[in-house]
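> from the sequence below, what's the structure:
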Amino acid sequence: MANFKSRKKFDGFSTCFRQWRANTTHCQFLHGYDIEFEVTFEGELDHRNWVWDFGGMKRANNLIDGMQPKAWMEYMFDHTVVVAEDDPDIQNFIDMDSRGIIQLRVVPGVGAEKFAEFLYHKLNDFVQLETEGRVKVVKVKFMENHKNSAIYGA
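The predicted model follows:
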């Protein structure tokens, strides 16, 4: 694969989550952030001399979990409560979701590191399918604020 890389930032998502295992810190409580994440793409250039079309998440031919990629990002992270699938209070969150109090999203694990990993795999699978293997995601940097971030990938 070529050494061409490009990077795209996705932002403007208000997300609430808790790290239930962090029982010695305030992170065990529900708290929210205006999150953003930065995706690094690597691959061969296309006929336009681009690695990745920066607007490609809006114009995609393929879907993530049945949704256009940009819509999927909003579905997952915009005004949502994201909890780990093993959260011992998950039933309370499910009840609040069914009552229309929250928009619940359940993922394997929460926290900046786990969100970076989750996004990496979802987006890499999509990008490789969308580009027929010409491009891959090599890194996702997840930022829960301007001071704290985690990176998954190269």
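> middle-most residue in this protein, spatially?
Leu119 (3.7 Å; C-alpha atoms, centre = their mean).
> name the helix or strand for it, please.
Element membership for Leu119 (DSSP states H and E) is helix 112-130.
> for that helix, the distance to its chain's centre please.
7 Å (C-alpha atoms, centre = their mean, to the nearest Å).
> how about it: buried residues?
112, 114-120, 122-124, 126-128, 130 (16 or more other C-beta atoms under 10 Å). C-beta coordinates here come from the backbone N, C-alpha and C atoms, glycine included.
> ok, now stretch 85-97?
Neighbour counts over stretch 85-97 (16+ other C-beta under 10 Å) mark Asp87, Phe93, Asp97 as buried.
> redo the residues you listed as a markdown table? Include distance to Phe17, pLDDT and secondary structure.
Formatted as a markdown table, these follow (distance: C-beta to C-beta, whole Å; pLDDT from 0 to 100; DSSP: H, G, I helix; E, B strand; the rest coil):
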| residue | distance to Phe17 | pLDDT | secondary structure |
| --- | --- | --- | --- |
| Asp87 | 10 | 98 | coil |
| Phe93 | 10 | 98 | helix |
| Asp97 | 14 | 98 | helix |
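> can you give me the helices for this structure?
69-77, 90-98, 112-130 (DSSP state H).
> which one of those lies nearest to Gly56?
Across the helices of the chain, Gly56 has its closest neighbour in helix 112-130 (7.1 Å, C-beta to C-beta).
> what about the closest residue to Leu30 other than its chain neighbours, distance to Lys58?
Spatial nearest neighbour of Leu30, chain neighbours left out: Arg18 (4.8 Å); criterion: C-beta to C-beta, 6 or more residues apart in numbering. Distance of Arg18 to Lys58, given as C-beta to C-beta, to the nearest Å: 31 Å.
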